[in-house]
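J.: Here is a sequence with its predicted model. Questions after.
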Amino acid sequence: MSATAPTDRDVWRIAAPMILSNVTVPLLGMVDTFVMGHLDGPEYLGAVAVGSIVFSFLYTGMNFLRMGTTGIAAQSFGADDNAGIRSALGQALIVALGLGLMLLSLQAPIAMSLRLVGAEPDVASLALSYFHVRIFSAPATLANMVLIGWFIGLSNARVPMAMFLTTTITNMLLDLVFVFGLGMDVDGVALASVVAEYLGLGVGLVFAARVLRGREGDWPMDRLTNLAEYGAFFSVNANLFVRTMALMFAIAFVTARSARFGETILAANAILMNLQNLMSFGLDGLAHAAEALVGKAVGRKDREALATAVRVSLKWSLYFAAGFALLYAAGGPVLIRLLTDLPDVRDASIRYLPWLVVSPLVSVWSFLYDGVFVGATRAREMRDIMLISTFVVFLPAWYVLQPLGNDGLWLAFMLFLASRGLGMHGLYRRRLLPSV
C-alpha cells in the first residue's frame, strides 16, 4: 500500500467537522422563522422567505468558487507546491471580490427579480427592504466560499467549521438583538446576516494568514496580476457553473411539475425534498473528504492513494446512505408528522415516502463522485454528465412517465440521480484512475 494512502481516520478528520457545520444551516433558518413569526403579521415571514429565494439562487449558482478552489488547492497541497497554494487562494479571492462588487453594482436590476415571485404588495415591499440590506454581504459571502474551499483542499476542516459556527451563532444572536432588542423587522434579520458574514470572513482570513506563515515562499504576484494566468481557474469554474445551473434546473423542474399536481402534492413533495436535503448533510461531508483526499493524491500523482481515497470515502458514504434509508423506512412517517399537521399533506407525503427510502442508495453515488471529480479538477466531465443526466435522461424520462403522475416524476428524478452516479463511475474507471 502507498505510504500516503488515506485511512478511515483521514476521511473522518475532514467529514466530521463538515457534517457538524452543515447541521448549523437549518438551525439558522429556524431562528429566522422564529423571529419573524413572532412579529405582528405574516407578511414579515413571507418577505424574508421571498427575499431569501434570490440569495439562494445567486449563491448556489456561485458555489463553483468553493468547489473549484478545493480541487486546485488540494492538488497544490499534494504536490507540496506552496506557490500554487497561495495562487489558488489569491486568484479565487480576487475573482470573488470582483463578483461581489458586481452584484452590489447590479442590485437594482437583480431586485426586479423579486417581482417574478408574485408576492402581495406589502410582502414585496418588505422583501425589497430585506434584499437591499443583505446584498451588502455579497463580497464576504463569496470570499467565505473561497476560504472554505481552500481550507478543505488543505485537508483542514476545523477552520471551515469555526467559520460556519461563527457566522451562524452571530447571525442567530443578532437576529434576536436587532429585532426584539432594537425593534427592527426584516431589515434587522438582513443586517444580522451581513455582520455575521463579515465576522466569519475575518475568522477565515486570520487562520489563512496563520497557515501561510507556516509555509515558505512569497505570493506569486505574476499569477495574481496576469489575466492569462487565470486560464485554469476559469476553465474549471466555468464548467462547474454550467453543471450547477443544470442541477438547479432539474430541481426547479421537479417543483414546477409538482405545482401542476395541485397544492397538496406540491406541499408533500416539498416535505420529501426537505428530507432529501437532510440526507445531503451527511453525504456532503463525506464528499468534502473525498475532494481533499483525491486532490492530494492527484497532486502527488499517486494512483494507489487515489483509489484508496475513493474506496474508503465510498465505504462510509454507503454506510450513511443505508442508515438514512433505514431511518426513512422506520421513522419517515414520524418525521412527516413533525413537519406538518395537515392531514391531506401528511397522507400524500407518506404515500410517496418509499421514493425517499430508495433515494439514499441511489443518490450516494452522485454525491461521492462529485467529490472525487472536484478533487481531481475534472469539471468538464462533471458538466457533461450533468447535462446528459438532465436533458437526455431526466426530461425524456419524465415525458414518457407522465401517465404515472407524481410517481412518474419521482421515478424520473431517481433516474436522473442514478445516471449521474453511473456516468461518473464509468469515467472514473476509464479515464480518471488510469490518468494518474
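T.: All right, it came through fine.
J.: where exactly do the helices run in the stretch 1-150 of the chain?
T.: Applying DSSP state H, counting those that start in this stretch to the stretch 1-150 of the chain gives helices spanning 8-37, 42-61, 64-78, 82-105, 107-111, 121-134, 138-153.
J.: Which one of those helices lies nearest to residue 172?
T.: With CB to CB as the measure, helix 8-37 is the member of those nearest residue 172 (4.5 Å). Quick note: C-beta positions are derived from backbone N, CA and C, even for glycine.
J.: what packs against the closest one?
T.: Applying 3 or more CB pairs under 8 Å, 6 or more residues apart in numbering; DSSP states H and E, we find helix 8-37 packed against helix 42-61, helix 158-176, helix 186-213, helix 263-299, helix 303-339.
J.: what residues are up against residue 339?
T.: Taking CB atoms under 8 Å, 6 or more residues apart in numbering as the criterion, residue 339 is in contact with 271, 274, 349.
J.: if I read this right, the last one contacts residue 338, doesn't it?
T.: No - using CB atoms under 8 Å, residue 349 makes no contact with residue 338, being 11.2 Å away.
J.: and of the helices of the stretch 1-150 of the chain, who's closest to residue 368?
T.: Nearest to residue 368, of those and by CB to CB, is helix 8-37 at 11.3 Å.
J.: Give me the buried positions along that closest one.
T.: Neighbour counts over helix 8-37 (16 or more other CB atoms under 10 Å) mark 10-19, 21-22, 24, 28, 31-32, 35-36 as buried.
J.: Next: stretch 103-118.
T.: Buried residues in stretch 103-118 (16+ other CB under 10 Å): 103, 110, 111, 114.
J.: Please enumerate residues in contact with that stretch?
T.: 50-51, 53-54, 58, 124, 127-128, 131-132, 135-136, 138-139.
J.: Quick check: the farthest pair among the residues you listed?
T.: Using CB to CB, those reach their maximum pairwise distance at 124 and 139, which is 26.1 Å.
J.: Mind checking which of the two has more residues around it?
T.: Just comparing residue 124 and residue 139: by other CB atoms under 10 Å the higher neighbour count belongs to residue 139, 21 against 18.
J.: winner for burial among the helices and strands packed on helix 8-37?
T.: helix 263-299 (a mean of 23; mean count of other CB atoms under 10 Å).
J.: by contact count, what packs against that one?
T.: Under the contact criterion of 3+ CB pairs under 8 Å, 6+ apart, helix 263-299 touches helix 8-37, helix 64-78, helix 138-153, helix 231-260, helix 303-339, helix 343-351, helix 353-375, helix 406-427.
J.: what would those helices look like in TSV with mean pLDDT and distance to residue 197?
T.: As requested, the helices and strands packed on helix 263-299 are exported to TSV (pLDDT from 0 to 100; distance: least, CB to CB, whole Å):
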stretch	mean pLDDT	distance to residue 197
helix 8-37	80	12
helix 64-78	95	14
helix 138-153	96	4
helix 231-260	91	21
helix 303-339	94	29
helix 343-351	91	34
helix 353-375	96	23
helix 406-427	97	31
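J.: out of those, nearest to residue 93?
T.: Nearest of the helices and strands packed on helix 263-299 (CB to CB): helix 138-153, 5.4 Å.
J.: returning to what we had before: kindly indicate which of the contacts of residue 339 lies nearest residue 315.
T.: Nearest to residue 315 among the contacts of residue 339, counting by CB to CB, is residue 274 at 27.3 Å.
J.: and the closest one, what does it touch?
T.: Residue 274 touches residue 339, counting by CB under 8 Å, 6+ apart.
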